[in-house]
Structures are given as C-alpha cells and as structure tokens.
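# Okay, sequence plus prediction incoming.
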Amino acid sequence: MQGNRTFTMIKPDAVENNYIGAILDKINAGGFVIKAMKFTQLSKQDAEQFYAIHKERPFYGELVEYMSSGPIVAAILEKDSAVADFRTLIGATNPAEAAEGTIRKLYAKDISANAIHGSDSDENAQIEGRFFFSEREIH
Ligand code: IDP
Ligand code: MG
C-alpha cells in the first residue's frame, strides 16, 4: 500500500440508512478499485484501538460508542494518489461544510455520524488496512 492505496469504512449511519450501494457507486465512479472489502461490526475495544490517536480529543468517547453501535463496511481501495483523492471525494469532516457532490455532503448525518472514513496518510492507510484484513486478504 504505497502511494496508491487507502482505507475506508462506510460508517454505521450510512449502513443504517441503506447507502452502501450508493456510496460504493461513488467510489467506483471516482476511479477507485476495491481491493478488499468486508461487512463487519467493531466492538467497543476495536473502536478504542482504531481511534486511539484521538484519545485526548473531547469527542473520543462519543466516537467510540458511535463507531461500535452498528455494522460497517471496511475496504481497501486503489488509485493513483489514493489518500488525497479519496479525502477530496469524501469531503470535510463536518458535512455542513463539505463540498457539493462529496460523499459526506450527500450521505452524512452530522459531524459525528459522517457516513465514511478515509485514511489521512499512506502510513495510516497501511496500518488501518491491516487492522481489518490479514495478509491473505490483501492482494
Ligand atoms: P476525519 O474523519 O475527517 O479524518 P478526524 O478529525 O480524524 O476527521 O475525526 C475522526 C472522526 O471523529 C470524524 O470522522 C468524526 O466521526 C468524529 N469527529 C470529529 N470531530 C468531531 C466533533 O467535533 N464532534 C463529534 N465527532 C467528531
Ligand atoms: Mg482522520
């Protein structure tokens, strides 16, 4: 996963609202190829570990509760400049501030339940992908 891969999760609000198909369409239309994918649910411990980097932030508890509240779709995506281009496709963290046409603008509920995750660096894309997928599942 160097330079051309990123990691995403379709978050519980978007799964609950039946947006999986629409979001995957946007991802494919944006030029991303799905390299690995699973429908799963994070335990509270999983969510604490995944978001450990945000432990000191005021919304950490809320984030952990929310991300473990229902099923998610985790996936590894491939495209040139995957991390940066995917952040553009998903839009700003707060959907109220997200650009028109972005996934968060179209499908997110609020700043916490914001429909989708996208890695913020190549290094984190690799760490996050390995959090969900074994070597055998990553092609
Ligand atoms: P990002 O997902 O756009 O990279 P981060 O700042 O890394 O945003 O925050 C991680 C996640 O934490 C966000 O996607 C969102 O679900 C949640 N979050 C961020 N800021 C807030 C906030 O101010 N209140 C509640 N939840 C937040
Ligand atoms: Mg982030």
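Happy to help now that I have it. Ligands and ions are numbered 1, 2, ... in the order given.
# dump the residue contacts of the residue most central in space within the chain.
The structure's the chain has its C-alpha centroid closest to residue 117; by C-alpha atoms, centre = their mean the separation is 2.3 Å. When contacts are counted by C-beta atoms under 8 Å, 6 or more residues apart in numbering, residue 117 is found next to 7-9, 11. For the C-beta atoms, the positions are set from N, CA and C on the backbone; glycine is no exception.
# and what of residue 16?
Contact partners of residue 16, counting by C-beta under 8 Å, 6+ apart, are residue 70.
# Kindly recompute the last result at 10 Å.
Residues in contact with residue 16, defined by C-beta atoms under 10 Å, 6 or more residues apart in numbering, are 69-71, 109, 113.
# ditto for residue 19
Residue 19 touches 10-11, 13, 25-26, 103, 106-108, 115-116, counting by C-beta under 10 Å, 6+ apart.
# distance between the ends of stretch 52-64?
This stretch, stretch 52-64, spans 10 Å end to end (C-alpha to C-alpha, to the nearest Å).
# Actually, stretch 128-137.
Stretch 128-137 has an end-to-end distance of 14 Å (C-alpha to C-alpha).
# Contacts for that stretch, please.
If you take C-beta under 10 Å, 6+ apart as the criterion, stretch 128-137 is touched by 1, 5-9, 35-38, 40, 42, 46, 49-50, 72, 74-77, 117-121, 138-139.
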